[in-house]
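Enquirer: 3D, please:
(chains A, B, C and D)
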Protein chains: 4
Amino acid sequence: MQNVGVYKILCGGPGDLTEARSLIESGRIDPAHIVAVLGKTEGNGCVNDFTREYATHAWCSLLAPYLGASAEQVAQRIAFVMSGGTEGVLSPNFTIFTRSQLSSQPALNQKRLALGIGFTRNFLPEEIGTTVQIEETARAVQAAMADAGIVDVADVHFVQIKCPLLTSAKITDALARGMSPVTHDSYESMGISRAASALGVALALNEVDAVALTNDMIGRDWAHYSSVASTSAGIELDSNVIILMGMSNSAISPYVIDHGVMVDAIDTDNIRACLSGRMGFDMESGREAISERVVNIFAKAEAAPDGKIRGVRHTMLNDSDINSTRHARAAVSAVLASVTGQTAIYVSGGAEHQGPPGGGPFAIIARI
Amino acid sequence: MQNVGVYKILCGGPGDLTEARSLIESGRIDPAHIVAVLGKTEGNGCVNDFTREYATHAWCSLLAPYLGASAEQVAQRIAFVMSGGTEGVLSPNFTIFTRSQLSSQPALNQKRLALGIGFTRNFLPEEIGTTVQIEETARAVQAAMADAGIVDVADVHFVQIKCPLLTSAKITDALARGMSPVTHDSYESMGISRAASALGVALALNEVDAVALTNDMIGRDWAHYSSVASTSAGIELDSNVIILMGMSNSAISPYVIDHGVMVDAIDTDNIRACLSGRMGFDMESGREAISERVVNIFAKAEAAPDGKIRGVRHTMLNDSDINSTRHARAAVSAVLASVTGQTAIYVSGGAEHQGPPGGGPFAIIARI
Amino acid sequence: MQNVGVYKILCGGPGDLTEARSLIESGRIDPAHIVAVLGKTEGNGCVNDFTREYATHAWCSLLAPYLGASAEQVAQRIAFVMSGGTEGVLSPNFTIFTRSQLSSQPALNQKRLALGIGFTRNFLPEEIGTTVQIEETARAVQAAMADAGIVDVADVHFVQIKCPLLTSAKITDALARGMSPVTHDSYESMGISRAASALGVALALNEVDAVALTNDMIGRDWAHYSSVASTSAGIELDSNVIILMGMSNSAISPYVIDHGVMVDAIDTDNIRACLSGRMGFDMESGREAISERVVNIFAKAEAAPDGKIRGVRHTMLNDSDINSTRHARAAVSAVLASVTGQTAIYVSGGAEHQGPPGGGPFAIIARI
Amino acid sequence: MQNVGVYKILCGGPGDLTEARSLIESGRIDPAHIVAVLGKTEGNGCVNDFTREYATHAWCSLLAPYLGASAEQVAQRIAFVMSGGTEGVLSPNFTIFTRSQLSSQPALNQKRLALGIGFTRNFLPEEIGTTVQIEETARAVQAAMADAGIVDVADVHFVQIKCPLLTSAKITDALARGMSPVTHDSYESMGISRAASALGVALALNEVDAVALTNDMIGRDWAHYSSVASTSAGIELDSNVIILMGMSNSAISPYVIDHGVMVDAIDTDNIRACLSGRMGFDMESGREAISERVVNIFAKAEAAPDGKIRGVRHTMLNDSDINSTRHARAAVSAVLASVTGQTAIYVSGGAEHQGPPGGGPFAIIARI
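Expert: Numbering: from 1, shown residues only, chains lettered A, B, ... in the order given. All right, here's what the predicted structure looks like:
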């Protein structure tokens, strides 16, 4: 039986892992069981946000001696996904995921939080942002499902993906071989890689029809999307890494997970519905009671691409001083916090094919 | 009997008054009845935000021919209060307040929205940010109450104040006369003038004890505050101008107003309580039904000065790229919008002595 | 004989025209002779910079009564070109250009500052950013040369162009007619319209070979550029408006103009060469002596697109907090000011096909 | 005899020490000889700039194995001074200073670059920003002079200081003991600590008269300043750490150093005078020749506090989107680069009592 541990810690800065060290030193976390860390760091979340790599660097330095490995090896072994930007009420935090197999343990009569990992092969530069990336990602998502012990796609609630981007070097390499990468701009490639990866999730989970997926619609036709994908591009890898979470009969973790979709940035109805549904929260019990059981919330946010929320103009896309992703995170995180009472949550910007335009998927992990 | 009209219009930019012109041209608004315009413009809301004076400039240009006055005279006759900053979901908007006396009209058996105006004498530079400003403001607030036909302080729900700041010229003048202005820094003087003005409201409405008010506590001791004050400093005036709103038996306006206080940036409980209380909204009827009756919401927002929300760290005060007032507006406006369904609302930053630290007052005007 | 007047004024904000009013009231400027105003306003110079339209609004309000015209008519009659962004040492300023014909005046034996105006026809949305815009612009530049009384292209030293952009409405219109505009993104269309307009200047002045100009190279192949073009896109027009300056035997203005090209952001050699060449400045006389004769400098700045200055990395293109155009203006204006002693100059960002990549053209107007 | 080595390296980001590793691995630098690293990192240079601590973290991780010490021990042993902000043309870079004693080496007949280190005792919170900090700093500067083998204050050309700031904890501690720290605001304390430290340098080097130094004038009376101080506040220490550079007969380094003062942000005269003076550069030889011999330039920049440059308004102090220190660095670095041809230089913001108001000291290290 699979046992997944989920530990959320706060920090005083991107390099402050005091709480993580204390969890390890006190024996509450066995570093050998850590499979992933999802962090929210206080940078701008855009191109020159070095808080992400600083946090990863600090984690690898912290864990290396415990794991008897070099910092570089730790970076290979554990999936670190750092999302920058803690606008508004957001409080920087890290969520540590552990996984262990308890073979002697009997199955419970109910589904519990399960976690699976998947990898694609390395992509050629010219494959990034194309249907090749979609299809390979879909295959890896299915492998991650199997790894998690999840059979039904309806039991998948959150699929976090790290995907590669096109650096100048990769672009030059493709051109030298006579191939055409989808863009010559590194920043733009991040969005297209995120887009293709999200569609890979949608394909694997039957959220979209395979025939709808063409190179031309990637990053353009927002009618097609996944309700559980959360993708982010990173310079440090050539393949897609998948962290899939859901509910499984083969898990005995003391946690449950469910998801929903905010249809726009101020949609609380779907957050409330998720909490009061299968998760069984009593919405009249107050935010404090809710906050006590919720471990963390993972959500995607974006400024509505048509410049409107419920038909009324917003100004996020025209602001040349503050990127729209920063505006969107500030708004969506405040709304999620106002319902759940938690401000140390994970809200990430750039939601291409992740939820409907202007909205985004969210997943909630709660203690049973 | 007093009849107050409230008209909210959207715009495509700070200088776009297409809707205002159309309201006037169609006869729905008599320009001679306009007493105040409260605007939310899409600047940064800080020092170099020229969208505020641009919007005022545009309003004066628009109204001058209708009123047979010069643009400068219009600026003297009507109270224009422009608040910059439409972060997150906020949609730029103007609220036009008209007032007329209908002598023949019989009183209703219920209180309705009433509006009063008040003015202090001009302040000497060395009086700004002192107890002198507090006391003069308190006197003017009481005059505005009388002007509004309001007897009970409990019927006052929103007091918007424009107050002066210390320019270099004023500071030099004071020093030349051997006097000591409270600060030599123009930007700092804005906060202190707002602070003293808010305490003037608190004093007039018996929210604070007069003995607690000393020069030393202004802008420092946040335990004392008003729950209905909303103050903003402007370079164009030497006195305080007061726009006071509340409920009065002598009013026959088709609107009601009530207020509440958000205790922190994610406090929806007090918003819901305000709507479901005397205003009589059915909170189960959905945001669309609420949004239909609400005309506008006026609120103050600030980053909690102790760096925490419900005990958990926020990063707004340490962000040197985005001012904390911008973060706070993004968060609070999203929360207000998520409850009411409206994004074209008035949320203003800088809440010194306006609501508790980290929170702020809000007032809601609704159609009956 | 043509007499061109050049008046640079400072201001305390985008709406402060105190000095302009005083020039008019004192009779030093006849408002009827004003043909163009080039302004540097203190906004961000990007999408949501409303200081540009605020300044234009203020100018039109100021001039309307003097010209017996409405503000709208003034906007049609005079070419207002406002460039936002006064980063670093830059001081906001307006340059007023007047022009009058003095028929009785005899020609001088030397060339003097001359100014010509030109217009293209209105562009269809699908023509913007294409060779059609290049060719029409070239024709209008030649007309402006004729208007200025300039025969030799070598006598043209600065061609300021205002060009249209693709609004959502224009894009929709083109698509409805089955046409393909070059981009579906308004912001991107600004760069492409600037690019095509600059190439139009280059074509008219024989700076590029007509065969090199194809739709594909516009905004891409930076090897082709004009050394005297300065283009900026505005939402308020459908055609290109050209203000051309140069030296002419038919002018008797008490000013001369010359130009040069900065090959990168720190190139002072070409600034010094321009001053010490035909303009006849003694570079050993000190900045004060230079500053006394110089009226204004007009320059274009951009971050080197390959991310390097003289082979060494810069970080302007990766900064998600400050747009690269703001960095570039701060750097280039400081360099120009350090040579000439003037900080109230006109440095504008976005130099597509205007000077070599990473560099930009500049023109200097000096009193004789 | 003292031998000082100076190595400037470029980087691809705050954590990229590829060049440093290669200098060590190739034997060109002996890590045991490293005494200080001065870095320019690509953050915002303000409160939430984590690139500084990330870079320090990376350096400590790099050097720890070479020095057989933990990362924490490396941080204690070597003085790391990281200054954030690479606006405009600035290129991120690190300057590594090594020092070794070559006892057998004979003295040269000329002065060469020497380097000394000094420390104050730890400061009580209430001493920071007072004359106590000034006096203790002065003592430590004199000790650093002795350490450098410099006798004459005229031979001191650059004094880099790291000084403590007032954290909330320190403020609380002082208040609990009934003492009054100079400010209750951490950010403000950075400026005051820098100010007192700079005056400590000025006192030690007879640049100011001791009687002029009172608690009241610190951070206020800009008439008193040092022409060689460069101070920066850091959260990680309780004492002042001094790195002093100058010329000494007891040094045999293959480098010289000299300094000057820019009187304002566009002052090239004093830069040229410094280069063409004792350093012996031929200013007609072109920037390439100059750049070849210059190793690095260390300079301080600030926006003129009276809002004017040579009598003309600047807008840096009113910009609420970009801090004035960022504007100032962009301008001053471009001017320095335009004279020397180098963009990988060290320009730091916040020049309290470091050079005249609006100007700042600079020092140049060149190969002999």
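Enquirer: what does chain A have sitting close to chain D?
Expert: A:13-15, A:42-43, A:48, A:50-51, A:53-54, A:57-58, A:61, A:71, A:321 (C-beta under 8 Å from any C-beta of the partner chain). Quick note: C-beta positions are derived from backbone N, CA and C, even for glycine.
Enquirer: go again using 6 Å as the cut-off
Expert: Taking C-beta under 6 Å from any C-beta of the partner chain as the contact definition, chain A meets chain D at A:14, A:50, A:51, A:54, A:321.
Enquirer: quick one, helices of the stretch 151-300 of chain A?
Expert: Along the stretch 151-300 of chain A, counting by DSSP state H, counting those that start in this stretch, helices occupy A:168-176, A:186-204, A:269-276, A:287-293.
Enquirer: Can you show me the CA trace of the second one as CSV?
Expert: Pointing back at helix A:186-204 there. This file holds the C-alpha atoms of helix A:186-204, laid out as CSV (Å, rounded to 0.1, in the frame of the first residue of the first chain):
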residue,chain,number,x,y,z
SER,A,186,12.7,32.0,-25.3
TYR,A,187,10.0,33.7,-23.3
GLU,A,188,7.3,32.8,-25.8
SER,A,189,8.5,29.2,-25.9
MET,A,190,7.7,28.9,-22.2
GLY,A,191,4.0,29.6,-22.8
ILE,A,192,3.9,27.2,-25.8
SER,A,193,5.6,24.4,-23.9
ARG,A,194,3.2,24.9,-21.0
ALA,A,195,0.3,24.9,-23.5
ALA,A,196,1.3,21.6,-25.2
SER,A,197,2.0,20.0,-21.8
ALA,A,198,-1.4,20.9,-20.5
LEU,A,199,-3.1,19.5,-23.6
GLY,A,200,-1.1,16.3,-23.1
VAL,A,201,-2.8,16.0,-19.7
ALA,A,202,-6.2,16.7,-21.3
LEU,A,203,-5.5,14.0,-24.0
ALA,A,204,-4.5,11.4,-21.4
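Enquirer: Which neighbouring elements make contact with it?
Expert: Helices and strands touching helix A:186-204, by 3 or more C-beta pairs under 6 Å, 6 or more residues apart in numbering or on different chains; DSSP states H and E, are helix A:131-148, strand A:156-163, strand A:229-233.
Enquirer: Compute the inter-axis angle for that helix and strand A:229-233.
Expert: Taking axes from the mean of the first three to the mean of the last three C-alpha atoms, to 10 degrees, one finds helix A:186-204 and strand A:229-233 inclined to each other by 150 degrees.
Enquirer: element containing residue A:63, please.
Expert: Using DSSP states H and E, residue A:63 falls within helix A:51-67.
Enquirer: For the very next helix or strand once past that helix, report the contacting residues that lie outside it.
Expert: Reading on from helix A:51-67 to the C-terminus, the next helix or strand found by DSSP H and E is helix A:71-77. Residues from elsewhere that reach helix A:71-77, judged by C-beta atoms under 6 Å, 6 or more residues apart in numbering or on different chains: A:60, A:61, A:63, A:64, A:67.
Enquirer: what's the answer for stretch A:36-53, then?
Expert: Under the contact criterion C-beta under 6 Å, 6+ apart, stretch A:36-53 has outside partners A:14, A:55, A:79-86, A:92-97, A:187, A:243, A:323, A:325, A:346, A:349, B:315, C:318-321, D:14, D:50-51, D:54.
Enquirer: Let me see the confidence value for the residue nearest to residue A:16 when sequence neighbours are not counted.
Expert: Spatial nearest neighbour of residue A:16, chain neighbours left out: residue A:58 (7.9 Å); criterion: C-beta to C-beta, 6 or more residues apart in numbering or on different chains. Note on residue A:58: pLDDT of 97.
Enquirer: and residue A:58, how many residues sit next to it?
Expert: Applying other C-beta atoms under 10 Å in any protein chain shown, we find 23 residues neighbouring residue A:58.
Enquirer: in terms of contact, does it touch residue A:15 like I think?
Expert: Yes - between residue A:58 and residue A:15 there is a contact at 4.3 Å, judged by C-beta atoms under 6 Å.
Enquirer: for chain B, what are the nearby residues on the stretch 251-368 of chain A?
Expert: Within the stretch 251-368 of chain A, the positions lying close to chain B (C-beta under 6 Å from any C-beta) are A:265-266, A:268, A:309, A:312-315, A:322, A:327, A:330-331, A:334-335, A:337-338, A:343-344.
Enquirer: Just these: which are in strands?
Expert: A:309, A:312, A:313 (DSSP state E).
Enquirer: What degree of burial does residue A:277 show, as a neighbour count?
Expert: Count around residue A:277 with other C-beta under 10 Å applied: 11.
Enquirer: Local confidence estimate at whichever residue of the stretch 101-250 of chain A sits closest to chain D?
Expert: The stretch 101-250 of chain A approaches chain D most closely through residue A:235 (9.9 Å), counting by C-beta to the nearest C-beta. The model reports residue A:235 with a pLDDT of 83.
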